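just to be clear, the model below is a prediction. Sequence and coordinates:
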Amino acid sequence: MSKLNIGVVTVRSANGETGGAERFYESLVDSFQRIGHAATEIIVEADERDFDHIQRNYLACYDLNLQEFDCVISTKAPTWMVRHPRHVCYLVHTVRVFYDMFTTAFPQPTEELFRQQELVHSLDTGALRAPRCKAIFSIGHEVASRLRQYNSLESEVLHPPLWTDDFYEGVAADYILMPGRLHPWKRVDLVVDAMRYVDAPLQLYIVGTGEAESDLKSRASGDGRIKFLGRIADAELKRLYSNALAVAFTPNREDYGYVTLEAYASGKPVLTCTDSGEPAALVRNGETGYVCEPSPEAIAECLKKMRADHLRMARMGREGKEWVRTLSWENIARRLIAAAMGQV
């Protein structure tokens, strides 16, 4: 195939925050370049503070002039509003407050909120349906299931790999690592509360900052085993991964969650919950970690089992490491190109 000029349309936060999505974008652009194509990230600065701004985001994507590109890859809402004859979506996620988090975000929704939800669903479905979009791929089964439920659209799952291969395995110490944003949806409180039921001198290292931080520190008050480490450098995070006994990741209906992959790449098993979304699909219960009910008591039982058998945790971690090694950015790039160029 001759060299293509590929446009990857992304959404970045207006406040400049970066995280897993931004690393995903950079890795995707780089993957096209590594297999010999030209690739450019087209950034749409998005602000979701209110519905008026959300509508502006949709319009900004619709108005993009992408004629210079041979094919276009959309990613996160609302980038699929783009107009291009060879448009393929690699779906990260929709505006979740109008999908699975609607009742959580709006416990008593008004008629106006229902109209806003209906408009968002209609715009997304219309833009992602053929012929506006030649094919839809999603980052995981949770995202694919949501798309099927709310938009009646099918997608092929392509699990994205990590952006780096320099995670490593060290010697397991007596601590559980819990990295990530301290947001209520991440449910760090479940593990903090679970520590009340664990008598062993097992420590919990919490890495990150966020809206729920003060509440979490209040919950953990008096338990010296729980350490809040705040925002740390990547090298220090990798060191903590390498020497952890296991990694806890208990979000509510997570789209993907790079924490699971980072743990596996470090040779560590993962503790997650039955309703945690993609992590629950990626963790094989009893083989690469534990999947339990989302309650402090159930989590505590798993924490006790983890501390009681370091050798089994090491074996579980190695199983996860083997799986994460099967993922390939280059294979994803080739699959997206083939679909965009009508070669599927």
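Alright, I've got the coordinates.

can you give me the helices for this structure?
In the chain, the helices defined using DSSP state H lie at 20-34, 51-62, 102-105, 111-128, 141-151, 188-194, 213-220, 234-243, 258-265, 278-282, 296-308, 310-324, 329-340.

winner for burial among the ones you listed?
Mean neighbours per residue, mean count of other Cβ atoms under 10 Å, is largest over the helices of the chain for helix 258-265, with a mean of 26. Heads up, the C-betas are built off the backbone N, CA and C, glycines and all.

contacts for that helix?
Helix 258-265 is contacted by residues 20, 23, 161-162, 165, 167, 177, 179-180, 241, 244, 246-247, 249, 269-270, 272, 278-279, 282-283, 288-289, 317, 320-321, 323-324, 327 when judged by Cβ atoms under 8 Å, 6 or more residues apart in numbering.

circling back: reformat the helices of the chain as CSV; add mean pLDDT and distance to Thr75.
Formatted as CSV, the helices of the chain follow (pLDDT from 0 to 100; distance: least, Cβ to Cβ, whole Å):
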stretch, mean pLDDT, distance to Thr75
helix 20-34, 93, 7
helix 51-62, 96, 11
helix 102-105, 92, 22
helix 111-128, 98, 12
helix 141-151, 96, 11
helix 188-194, 98, 27
helix 213-220, 97, 29
helix 234-243, 97, 23
helix 258-265, 97, 15
helix 278-282, 96, 16
helix 296-308, 97, 33
helix 310-324, 95, 22
helix 329-340, 97, 11
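
right, so of those helices, which gets closest to Arg86?
Taking Cβ to Cβ as the criterion, Arg86 comes closest to helix 329-340 out of the helices of the chain, the separation being 4.6 Å.

can I get the helices of the chain in TSV including distance to Val171?
Output for these, formatted as TSV (distance: least, Cβ to Cβ, whole Å):
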stretch	distance to Val171
helix 20-34	27
helix 51-62	47
helix 102-105	40
helix 111-128	47
helix 141-151	33
helix 188-194	23
helix 213-220	26
helix 234-243	6
helix 258-265	16
helix 278-282	25
helix 296-308	15
helix 310-324	10
helix 329-340	30
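
out of the ones you listed, flag the one nearest Ile73.
Closest of those to Ile73 is helix 329-340, at 5.8 Å (criterion: Cβ to Cβ).

which strands or helices does that closest one pack on?
Under the contact definition 3 or more Cβ pairs under 8 Å, 6 or more residues apart in numbering; DSSP states H and E, helix 329-340 sits against helix 20-34, strand 71-74, strand 87-91, strand 135-138.

report the inter-axis angle for it versus strand 87-91.
The directions of helix 329-340 and strand 87-91 differ by 140 degrees, with axes from the mean of the first three to the mean of the last three Cα atoms, to 10 degrees as the criterion.

how near is the spatially closest residue to Val324 that is not a sequence neighbour to Asp165?
Ranked by Cβ to Cβ, 6 or more residues apart in numbering and with sequence neighbours excluded, the top spatial neighbour of Val324 is Tyr264, at 4.2 Å. The span separating Tyr264 from Asp165 equals 12 Å under the rule Cβ to Cβ, to the nearest Å.

domain ranges for the protein, per the record?
Following automatic domain parsing, one finds the domains of the chain at 5-161+327-340, 175-324.

closest to Asn331 out of the helices and strands packed on helix 329-340?
helix 20-34 (8.9 Å).

got a list of contacts for that closest one?
When contacts are taken as Cβ under 8 Å, 6+ apart, the neighbours of helix 20-34 outside the stretch itself are 4, 6, 8, 10-12, 38-41, 73, 75-76, 90, 92, 139, 160-161, 163, 256-258, 329-330, 332-333, 337.

could you do stretch 230-246 as well?
Under Cβ under 8 Å, 6+ apart, the answer for stretch 230-246 is 166-177, 179, 202, 205, 207-209, 229, 247, 262-263, 265-271, 289, 306-307, 310, 313, 317.

just the pLDDT at the residue of the chain positioned farthest from its centre, thanks.
Here the chain reaches farthest from its C-alpha mean at Ser2, the gap being 33.0 Å by Cα atoms, centre = their mean. What the model reports for Ser2 is a pLDDT of 87.

just use 53 as the starting number from now, easier for me
All right, first residue 53 from here; so that's Ser54.

quick one: it from Asp122, how far?
When Cβ to Cβ is applied, the distance between Ser54 and Asp122 equals 9 Å.

what's the answer for Val343, then?
Applying Cβ to Cβ, one obtains 42 Å for the distance of Val343 from Asp122.

neighbour count winner among these two?
The residue with more neighbours, out of Val343 and Asp122 and counting by other Cβ atoms under 10 Å, is Val343; that gives 21 against 18.

OK, contacts around the more buried one?
Thr324, Cys325, Thr326, Ser328, Ala332, Val335, Asn337.

Ala90 too?
Taking Cβ under 8 Å, 6+ apart as the criterion, Ala90 is in contact with Lys55, Leu56, Asn57, Ile58, Phe84.

ok, and the most crowded of those residues?
When neighbours are counted by other Cβ under 10 Å, Phe84 leads the contacts of Ala90 with 25 neighbours.
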